[in-house]
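Trainee: Structure, please.
(one chain, ligands or ions: 2)
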Amino acid sequence: MPVSLLPRPCGARAATALLTGALLLIAAQSAPAGADSSAAPAPPTAASAAPSAVQVNQLGYLPDGPKRATVVSASATALPWQLRDAAGRTAASGSTTVRGADAASGQSVHLVDFSSYQGTGTGYTLTVDGRTSHPFDIRANLYDGLRTDAMSFFYQQRSGIPIEASLAGAAYARPAGHLGVAPNRGDTAVPCVSGVCDYVRDVRGGWYDAGDQGKYVVNGGLAVWQLVNSFERAKRAGHAAALGDATLRVPERGNGIPDVLDESRWELEFLMRMQIPEGKPRAGMAFHKVHDAAWTGLPTRPEQDAEPRELHAPSTAATLNLAAAAAQCARVYAPYDAAFAARCLDSARRAWAAARANPDVLAPGSDSTGGGAYDDGEVGDEFYWAAAELYATTGEARYRDAVTSSPYHTASDVFTPFGFGWQDTAPLGRIVLATVPGGLPATDLARVRASVVSAADGQLSTMAGQGYGVPLPADGYVWGSNGQVANNGTVMAVAYELTEQRRYRTGALETLDYLLGRNALGQSYVTGYGEHAAQNQHHRFWAHQYDASLPNPPAGSIAGGANAGLEDPVAQEKLPGCAPAACYIDDIGSYSTNEVAINWNAPLAWLTAFAAERG
Ligand code: 9MR
Ligand code: 9MR
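Mentor: Ligands and ions are numbered 1, 2, ... in the order given. The predicted model follows:
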C-alpha cells in the first residue's frame, strides 16, 4: 500500500529562555480548571542557561509518573547518582545503567531511573560524576500551566481579529491581520491564482500556519482535528472541565462553551469559507490554501503585510481534510451549538461528495512561492480518515462501506515509526474508529483497537532503543520532528485509554520529557518552560531576535525540532556534520529547525492536557 512514507525534509531547532519570576509563577500556580488563565502572561525574557550533560525534563516530573534522565558519559561502568532537593539534601541515590552508543545523538550515554522517589517539591537537581542537571520540580500540577499556554498559542495565531493585551499580554497585542485594511490586501475578497477561478472569496479568519501568514487547509484541518480530538478524549476520561469554559485566554471565555471548542471554531469557520460554493465549478471542494503571492521578509507584522493574497487550486486532500474536521465538528459541537454542528455536517457531506467526484486532484510540490506547498501524492488515506469521521458522526451505511472497503482499513502499516502527519492521515481514522462507539462488527472493532495498541507497542520499543527514550527512530529527524514525536506520544496515550495499561501512560509522559529537555542538546523546545528553552523561533511577528521592539514567541510555543536535512541557510552554516538529534539551532533564521506551527503545537496541547489529568 503506498502509504506515503517519504521522509519529509528535515530541520532542527533549539531555543533558550530563562524564566522570569512571573512566568515561573504562572507555570507553578496553574491550577485545575484554568485558575491561572485569566492573567495575561509576562513574556519570556532573553537569557539562557548553558546546556548540561545530565539531561532531564527541565519542567520536571509527575509524582506518580516515570522519572528518568540521560547522562552523557563515555564511562563503561555504572556511575553513582544523587537526587538533591532545593536545600541540597540528598533525597535519593543509586547507580546509572550504561547504555553506550546512541545513534541519533552520536553520544555515549548512561540512564538514570529515579521513578521510585515519592517526594514532591521544586528545585531538585540530579548529580552524576560531578555534573549537575538543570533544576526541576516534582509535583502533581506540573502540566497545568503548559496545558493552558500550549492551547492559548492558537489564539495568538488568529487571523482577522485583534489580539488583546488583556488576554495575551501587552507585548503580544496586535491589530487584526488580513481584514482588507491597508496595507493588507486580504483576506476578505481574495482572487484565485491565474486560471483557477473568476471570482473572489471571503476567507478571513482561521489561524496563521506558522511563522508565515499562509493558511493551508490540510494543515489547518489536522491541527483543529487534534484540538477537538483532545477535548473529545478528555470528555470520555471525565476531564472535560479542565478544557471547559473560562479555562483559556480567549475572547469567548465566559460564553458557556468549552474554550477549546471556541478556539477550534475560529479555524473551522475559516475552513468552511475555503469550500467552493454551490453553483461554481467543483462546488464542495476546498481550495488548497491561501497565502501571499511572494514570500514576505522577517519581521512582517500581520497587519503590515502588503502582498496580494491568492487562493490556490482546490485539491482532493484539502477537501477530505475539511470533510474529516467538519464531520468531527458535527459530532463534538452538537451538545453545545446544534446549529453550528448542523452547518458542519452539511459542509462535511458536500466535501465528501465533491472528493468522490474529484478523487485525484493533487496539489503540486512545486507550488511553494510565497507559501508552503503541502503537497500530497496519495489521498487514499485522507478518504479513509474522512469516511471514519463521517461514519462515527452519522452511523450511515455509505460511510461505513467507505471505511470497510478502504485498503487503509486492513493495511498493517498505517502507523509508521515516523507517526502520522498532514501527509499521512490513515492513523487518525483508526483512532476515531477505535475510540468513538459505532456500528463496526465486534471482531473488526477489536482488530482496529489492537492496531492502535500495537502501534503504541512499536513506539515503546522504539523508545527502548534510544538513549533519550524518544519515540522516534534515528532516521526520523525530519522537518518538524518534534511534531512527529508529540504525535507518537498521543498514540501511546490513546493506547492507555484503550487498555489502562500503565506502560502506555509512561511512554506518553516520557515523550514530554524529550520535548522539555531530556535530549541530545539539553534543550527544552518549548518557550518559557525550562532553564534552557527555545525562544527565537522563526516567526514574522514574534521576531525579537531581529527587532527588539517585537516579542519572543509566547510561553508554550514548541519549535519544529532537530532536522538532519539542514534545509535553511542558517542550519547549513551552523550545523554541518551534526548528529541527527543535534541538528537544531535556536536562531530565527533557521526555519527548517526552529519554526513554530499549528500542527506541532496541537499535539503538544493534546499531550499536556493528557498529562495534566489527575485521579
Ligand atoms: O519564512 C518561511 C517559512 O515560514 C517556511 O516554512 C519556509 C519554507 O517554506 O520558507 C520561509 O521563507 C523563506 C523562503 O522559503 C526563502 N526565502 C527566505 C524566506 C524567509 O526566510
Ligand atoms: O511541516 C512542513 C514540512 O513537513 C515540510 O517538509 C516543509 C517544506 O515543505 O514545510 C513544512 O511546513 C511549513 C509550510 O510549508 C509553510 N508554513 C510553515 C510550515 C512549517 O515550517
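Trainee: Would you mind listing what in the stretch 501-615 of the chain touches ligand 2?
Mentor: Residues of the stretch 501-615 of the chain lying close to ligand 2 by Cβ under 6 Å from any ligand atom are 560, 591, 595, 597. (Each C-beta comes from the backbone N, C-alpha and C, glycine too.)
Trainee: tell me the contacts of Phe541?
Mentor: For Phe541, the contacting residues are 174, 299-302, 550-551, by Cβ atoms under 8 Å, 6 or more residues apart in numbering.
Trainee: which parts of the stretch 201-350 of the chain sit against ligand 1?
Mentor: Proximity of the stretch 201-350 of the chain to ligand 1, by Cβ under 6 Å from any ligand atom, involves residues 210-212, 295.
Trainee: how about Ala387, what does it touch?
Mentor: Counting by Cβ under 8 Å, 6+ apart, Ala387 touches 352, 399, 402-403, 406, 429.
Trainee: Quick check: it vs Val432, distance?
Mentor: 10 Å (Cβ to Cβ, to the nearest Å).
Trainee: Could you pull up the mean pLDDT of stretch 95-105?
Mentor: Average pLDDT, stretch 95-105: 97.
Trainee: And that stretch, what's buried?
Mentor: Within stretch 95-105, the residues scored as buried using 16 or more other Cβ atoms under 10 Å are 96, 98-99, 102, 104-105.
Trainee: Stretch 471-489 too?
Mentor: Buried positions in stretch 471-489, judged by neighbour count with 16+ other Cβ under 10 Å: 471-474, 476-489.
Trainee: cool, stretch 370-377 as well?
Mentor: Buried positions in stretch 370-377, judged by neighbour count with 16+ other Cβ under 10 Å: 370-376.
Trainee: In the residues of the stretch 501-615 of the chain next to ligand 2, which residue is surrounded by the most others?
Mentor: Looking at those with neighbours defined as other Cβ atoms under 10 Å, the largest count falls to Gly560 at 33 neighbours.
Trainee: Doesn't that one belong to a strand?
Mentor: No - secondary structure of Gly560 (DSSP: H, G, I helix; E, B strand; the rest coil): coil, not part of a strand.
Trainee: Pull the contacting residues for it.
Mentor: Going by Cβ under 8 Å, 6+ apart, Gly560 touches 11-13, 479-483, 592-597, 600.
Trainee: ok, so what distance separates it from Gly169?
Mentor: Gly560 is 24 Å from Gly169, by Cβ to Cβ.
Trainee: Touching the helix or strand hosting Trp352 from outside, list them.
Mentor: Using DSSP states H and E, Trp352 sits in helix 338-357. Residues outside helix 338-357 that contact it (Cβ under 8 Å, 6+ apart) are 265, 268, 272, 275-276, 282-286, 316, 319-320, 322-324, 326-327, 329-331, 333-334, 382-383, 386-387, 389-390, 393-394, 399.
Trainee: Point out the ones among the residues of the stretch 501-615 of the chain next to ligand 2 that are inside helices.
Mentor: Among those, the ones falling in helices (DSSP state H) are Tyr591.
Trainee: Out of the residues of the stretch 501-615 of the chain next to ligand 2, the closest to Val436 would be?
Mentor: Among those, Ala597 lies closest to Val436 (Cβ to Cβ), at 26.8 Å.
Trainee: still on that earlier bit, next SSE after the helix holding Trp352?
Mentor: Using DSSP H and E, the helix or strand that follows helix 338-357 in sequence is helix 380-394.
Trainee: Now do that next one and helix 338-357, the angle between them.
Mentor: 140 degrees (axes from the mean of the first three to the mean of the last three Cα atoms, to 10 degrees).
Trainee: Work out the gap between helix 380-394 and the centre of the chain.
Mentor: 21 Å (Cα atoms, centre = their mean, to the nearest Å).
Trainee: For Gln55, give me the backbone phi and psi.
Mentor: Dihedral pair for Gln55: phi -100, psi 120, per degrees, to the nearest 10.
Trainee: residues contacting it?
Mentor: Contacts for Gln55 (Cβ under 8 Å, 6+ apart) come out as 69-72, 133, 468, 517-520, 522.
Trainee: at 6 Å what do you get?
Mentor: Residues in contact with Gln55 (Cβ atoms under 6 Å, 6 or more residues apart in numbering) are 70, 518, 522.
Trainee: contacting residues for the closest residue to ligand 1 within the stretch 301-450 of the chain?
Mentor: Checking the stretch 301-450 of the chain residue by residue against ligand 1 with Cβ to the nearest ligand atom singles out Gly372 as nearest, at 4.4 Å. Contact analysis of Gly372 by Cβ under 6 Å, 6+ apart lists nothing.
Trainee: hang on, the earlier thing: so which of the contacts of Gln55 is the most crowded?
Mentor: Thr70 leads these on contacts (other Cβ under 10 Å) with 29 neighbours.
Trainee: Quick check: chain neighbours aside, which residue is closest to that one?
Mentor: Sequence neighbours aside, Gln55 is the residue nearest to Thr70 in space, at 4.7 Å (criterion: Cβ to Cβ, 6 or more residues apart in numbering).
Trainee: so how far is Phe418 from that neighbour?
Mentor: Separation of Gln55 from Phe418 (Cβ to Cβ) stands at 23 Å.
Trainee: ok, His544 touching His538?
Mentor: No - His544 lies out of contact with His538 (Cβ atoms under 6 Å); the separation is 12.0 Å.
Trainee: where does this protein dip in pLDDT?
Mentor: Scanning the chain for pLDDT under 70 picks out 1-52.
Trainee: Closest residue of it to ligand 2?
Mentor: Counting by Cβ to the nearest ligand atom, the chain gets nearest ligand 2 through Gly372, at 1.7 Å.
Trainee: Relative to His288, how far out is that residue?
Mentor: The value you get for Gly372 to His288, if Cβ to Cβ is used, is 11 Å.
Trainee: Please apply the same query to Leu509.
Mentor: Applying Cβ to Cβ, the value for Leu509 to His288 is 37 Å.
Trainee: quick one on the thing from earlier: for the residue of the chain closest to ligand 2, give its distance to Ala338.
Mentor: 36 Å.
Trainee: And for Asp424?
Mentor: 33 Å.
Trainee: now Ala605, what's its secondary structure?
Mentor: Secondary structure assignment for Ala605 (three-state DSSP): helix.
Trainee: Kindly state the beta-bridge partners for the nearest residue to Gly467 once chain neighbours are set aside.
Mentor: Residue nearest to Gly467 in three dimensions, not counting chain neighbours: Asp102, with 3.0 Å by Cβ to Cβ, 6+ apart. Bridge pairing for Asp102 (DSSP bridges) gives the partners Gln107.
Trainee: And the one 10 residues further on, by the same measure?
Mentor: Bridge pairing for Val112 (DSSP bridges) gives the partners Ala69.
Trainee: Just confirm it contacts Gln82, I think it does.
Mentor: No - taking contacts as Cβ under 6 Å, Val112 lies outside contact range of Gln82: 10.0 Å.
Trainee: Of those two, give the one with the bigger neighbour count.
Mentor: Using other Cβ under 10 Å as the criterion, Val112 and Gln82 rank with Val112 on top: 24 against 17.
Trainee: quick one: contacts for the more buried one?
Mentor: For Val112, the contact set (Cβ under 6 Å, 6+ apart) comprises 69, 81, 96.
Trainee: what's the closest of the residues you listed to ligand 1?
Mentor: Using Cβ to the nearest ligand atom, Ala69 is the member of these that sits closest to ligand 1, with 32.9 Å.
Trainee: close enough to count as contact, the closest one and Val56?
Mentor: Yes - Ala69 is in contact with Val56 according to Cβ under 6 Å; the separation is 4.6 Å.
Trainee: And the helices in the stretch 451-600 of the chain?
Mentor: Remark: helices assigned in the stretch 451-600 of the chain by DSSP state H, counting those that start in this stretch are 481-499, 502-515, 569-574, 591-594, 598-612.
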